[in-house]
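# Below are the sequence and a predicted model; questions follow.
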Amino acid sequence: AASGPRITPARLLYNLPVAWYLRALSSFEPVAHIDLSALAHNLGEVRRLVGSRVSVLAMVKADAYGHGAVAVAERLVSQGVDTFGVATLDEAERIATVRAGSTCVVFGGISPDEAARAVALDCEVVTDSREVVSALAAGAVAVRREARVHIKVDTGMHRLGLAPAEAVELARFAAATTGV
């Protein structure tokens, strides 16, 4: 009988030189596949859980987390989703052809310079800025429309959004602003 430590696949990998790992990792490309049928099924489960009176917003930012925002949005529209969330106006523009008649909410915010574009794309914008609200209002009035805004409130992480009292102040400002 042989003596000494038992050699297992894990022990073999553990004892390989660092250069082997670096070579292996340099050729590794992660791949994510999405099953659109599973997506439709999962949406059905969400709807079953929340009920028919609750609207579902499908977050498709970052190219639907790498799964292809256009393909995902097309499938979700066919399943009755009418609200999409994105991070940027560029993302909203990419899915604009898919979401005809749907709502798109830009969660990443915009600069005042982008307000006219947001209005033209018919996007709702999440903001914590009076300047953005004013720019959206001006852009909307110029084309006889109404801009829709959501006020970003800091919910305790102290990274993004306004303190509750400041959020109320901005909400009152927005409500009193023509074009919003």
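Yep, it's here.
# Which residue ranges of the protein form helices?
9-14, 18-26, 36-50, 61-66, 69-78, 89-94, 115-120, 130-142, 164-175 (DSSP state H).
# Of all those, which one is nearest Ala100?
Nearest to Ala100 among the helices of the chain is helix 69-78; the distance by Cβ to Cβ comes to 8.5 Å. (Each C-beta comes from the backbone N, C-alpha and C, glycine too.)
# For that closest one, give me every contacting residue.
34, 36, 39-40, 43, 58, 60-61, 63-64, 84, 86, 91, 94-95, 98-99, 102 (Cβ atoms under 8 Å, 6 or more residues apart in numbering).
# For that helix, C-alpha coordinates in CSV please.
Provided in CSV are the C-alpha atoms of helix 69-78 (Å, rounded to 0.1, in the frame of the first residue of the first chain):
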residue,chain,number,x,y,z
ALA,A,69,-32.4,45.3,-23.5
VAL,A,70,-34.1,45.3,-26.9
ALA,A,71,-34.9,41.5,-26.9
VAL,A,72,-35.9,41.6,-23.3
ALA,A,73,-38.1,44.6,-23.7
GLU,A,74,-39.8,43.2,-26.9
ARG,A,75,-40.6,40.0,-25.0
LEU,A,76,-41.9,41.9,-22.0
VAL,A,77,-44.0,44.2,-24.1
SER,A,78,-45.6,41.1,-25.7
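# Specify the angle between it and helix 36-50 in degrees.
Put simply, helix 69-78 runs at 50 degrees to helix 36-50, going by axes from the mean of the first three to the mean of the last three Cα atoms, to 10 degrees.
# in helix 69-78, what's buried?
Ala69, Ala71, Val72, Ala73, Glu74, Arg75, Leu76, Val77 (16 or more other Cβ atoms under 10 Å).
# Centre of the chain to it, how far?
14 Å (Cα atoms, centre = their mean, to the nearest Å).
# thinking again about what came up before, just put the buried residues of helix 69-78 in a markdown table and tack on distance to Val54 and pLDDT.
Formatted as a markdown table, the buried residues of helix 69-78 follow (distance: Cβ to Cβ, whole Å; pLDDT from 0 to 100):
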| residue | distance to Val54 | pLDDT |
| --- | --- | --- |
| Ala69 | 23 | 90 |
| Ala71 | 25 | 91 |
| Val72 | 20 | 92 |
| Ala73 | 20 | 93 |
| Glu74 | 22 | 92 |
| Arg75 | 20 | 93 |
| Leu76 | 15 | 93 |
| Val77 | 18 | 92 |
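# want to try JSON lines for the residues you listed, with distance to Val149 as columns?
As requested, those are exported to JSON lines (distance: Cβ to Cβ, whole Å):
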{"residue": "Ala69", "distance to Val149": "23"}
{"residue": "Ala71", "distance to Val149": "29"}
{"residue": "Val72", "distance to Val149": "26"}
{"residue": "Ala73", "distance to Val149": "23"}
{"residue": "Glu74", "distance to Val149": "28"}
{"residue": "Arg75", "distance to Val149": "29"}
{"residue": "Leu76", "distance to Val149": "24"}
{"residue": "Val77", "distance to Val149": "24"}
